[in-house]
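Colleague: what follows is a protein structure lacking sequence information:
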């Protein structure tokens, strides 16, 4: 079927019959939220959104799609930031939503695993783990709406990667429906399994281009017995890096978060996010949020954070600091950090970068990127923050005060070229945790070795010979 040929009414009826008319969305108002990427960079069109209720219904949809050459765009929480979940604008692609597939299939606290549907909301998974005294550590600003299938498909990271790893490390097994409609049951609960190629790792991070993740086996962990959060004011990213070294040496695996934030980020959040206030009485150029979790006691966690702050003060790394005195204060500090991206919206246009560099090179990267950006765009307001502990920086640029928003956003690619060029020179990555989608597909093809891109294309053709799965995303075939 021609990729741009309108879908016939008869074909649409055949797809609808698989899930039942009650589970089909067609109206403009109901479809609208599913057709726009979270930041508004991509807007698509689609005649149908299908909401299957089982793996078998997903299988039937993909089998029919493969037979008829109908493109399918998987979508979970629609919280992605690179256009990976947005259909094309020509209206020839169907959206497949997993929102009905939201069951917790099984929990085994002894083995520390949970089996879930791909449409489970992340916050619901966290709650289910907590109810049995366990922890599922993935934590994102969008955890109230993002879903496990999308988290896996983008290899989501979040704020706890330092201690627990990203979704690839948090998943033991998968259930996947292939583009042909075949079902791969890889829901294995084993930590050791060296039986051939690791198919699981092909689907994690593939952004729905190789199949639809309908189920997963997730790792659980003991709930921490002690938890402490500190907020630190300091002079520079160099000072933050030295403090991170001390924290790593002192706390080891108990160091669960180490977040770097600039002064402008604090100003944005206190200005625009209700209830957020500056935790420190004085102004500092940079800040760090330190999160420590221990398995023995709250006293141990407090001693660790107090010792770290004492060492930082003695070494001249810390200008001021506060330790959260309650769970509510811990939550408030994290809320300030997690709101930093949203707090940029009222300030006008924002050009985003989700990059990673080796941890030791973060200060040099920050300095070089600031120099390059301000030379090209005087007055740009740089709000660079993120997970210093794992090298992931969200290098966001807010428009100069009084600038035209459309004109500013029109320089998105120019700013990307400056920032990404510095990232690559430092041996980093242009996508740390958001994926490739449409936004970075062509850039990926330019910066990766030709053989690497060709291998990706071969994998795509092998799994999806009809080219129906999320076409135009990650890699062009």
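Modeller: Yes, it's here. These numbers were taken from a predicted model, which means no experiment stands behind them. Residues are numbered from 1 along each chain as shown.
Colleague: next, the closest residue to residue 286 other than its chain neighbours: phi, psi?
Modeller: Spatially, and ignoring its direct neighbours in sequence, residue 286 is nearest to residue 234 (5.4 Å; CB to CB, 6 or more residues apart in numbering). For glycine as for every other residue, the C-beta is placed from the backbone atoms N, C-alpha and C. Backbone torsions of residue 234, given as degrees, to the nearest 10, read phi -150, psi 180.
Colleague: for residue 234, grab the count of nearby residues.
Modeller: Using other CB atoms under 10 Å, residue 234 has 23 other residues around it.
Colleague: please tell me how far it sits from residue 315.
Modeller: In this view, residue 234 and residue 315 are 11 Å apart by CB to CB, to the nearest Å.
Colleague: low-confidence stretches in this structure?
Modeller: For the chain, the stretches flagged by pLDDT under 70 are 1-5.
Colleague: returning to what we had before: now the residue nearest to residue 286: how far from residue 324?
Modeller: 18 Å.
Colleague: please apply the same query to residue 450.
Modeller: 50 Å.
Colleague: comparing those two, which residue is more hemmed in?
Modeller: Neighbour comparison, residue 450 and residue 324: the larger count goes to residue 324, with 21 against 8 (by other CB under 10 Å).
Colleague: need phi/psi at that one.
Modeller: Residue torsions, per degrees, to the nearest 10, at residue 324 are phi -60, psi 130.
Colleague: check contacts around it.
Modeller: 228-231, 330, 332-333 (CB atoms under 8 Å, 6 or more residues apart in numbering).
Colleague: and if we set it to 7 Å?
Modeller: Counting by CB atoms under 7 Å, 6 or more residues apart in numbering, residue 324 touches 229, 330, 333.
Colleague: direction included, what does the strand or helix carrying residue 289 pair against?
Modeller: Residue 289 is part of strand 286-294 when elements are defined by DSSP states H and E. Strand 286-294 has the following strand partners under DSSP bridges: strand 226-234 (antiparallel), strand 255-262 (antiparallel).
Colleague: among those, which comes closest to residue 424?
Modeller: The minimum distance between residue 424 and those falls on strand 255-262, with 20.9 Å, by CB to CB.
Colleague: can you list the domains in the chain?
Modeller: Structural domains assigned to the chain are 9-100, 104-222, 226-338, 348-425, following automatic domain parsing.
Colleague: go through these and name the closest to residue 458.
Modeller: Here domain 104-222 is closest among these (CB to CB), at 11.9 Å.
Colleague: returning to that earlier point: between the helix or strand following the strand holding residue 289 and strand 226-234, how big is the angle?
Modeller: Counting by DSSP H and E, the next helix or strand C-terminal to strand 286-294 is helix 298-314. If you take axes from the mean of the first three to the mean of the last three CA atoms, to 10 degrees, helix 298-314 sits at 10 degrees to strand 226-234.
Colleague: quick check: which helices or strands does helix 298-314 pack against?
Modeller: Secondary-structure packing of helix 298-314 (3 or more CB pairs under 7 Å, 6 or more residues apart in numbering; DSSP states H and E): strand 226-234, helix 237-251, strand 286-294.
Colleague: would you mark the buried spots in it?
Modeller: 300-302, 304-305, 308-309, 311-312 (16 or more other CB atoms under 10 Å).
Colleague: what lines up beside the helix or strand just after that helix in the sheet?
Modeller: Going down the chain from helix 298-314, the next helix or strand is strand 320-323, by DSSP H and E. Note on strand 320-323: by DSSP bridges, its sheet partners are strand 226-234 (antiparallel).
Colleague: got the contact list for the partner strand?
Modeller: 240, 243, 279-280, 282, 284, 286-294, 296-302, 305, 309, 317-324, 330, 333.
Colleague: from the chain's centroid, how far away is it?
Modeller: Computed by CA atoms, centre = their mean, to the nearest Å, the chain-centroid distance of strand 226-234 equals 24 Å.
Colleague: ok, residue 294 to residue 223 distance?
Modeller: Separation of residue 294 from residue 223 (CB to CB): 11 Å.
Colleague: give me the more crowded residue out of these two.
Modeller: A count of neighbours by other CB under 10 Å puts residue 294 above the other of residue 294 and residue 223, at 21 against 14.
Colleague: what about residue 168, neighbour count?
Modeller: 14.
Colleague: also residue 462?
Modeller: Count around residue 462 with other CB under 10 Å applied: 10.
Colleague: now for the helix or strand encompassing it, which elements pack on it?
Modeller: If you go by DSSP H and E, residue 462 is part of helix 450-463. Taking 3+ CB pairs under 7 Å, 6+ apart as contact, there are no helices or strands that helix 450-463 lies on.
Colleague: and it, how far out from the chain middle?
Modeller: Centre to centre, stretch against its chain (CA atoms, centre = their mean), the figure for helix 450-463 is 24 Å.
Colleague: and for stretch 419-436?
Modeller: 15 Å.
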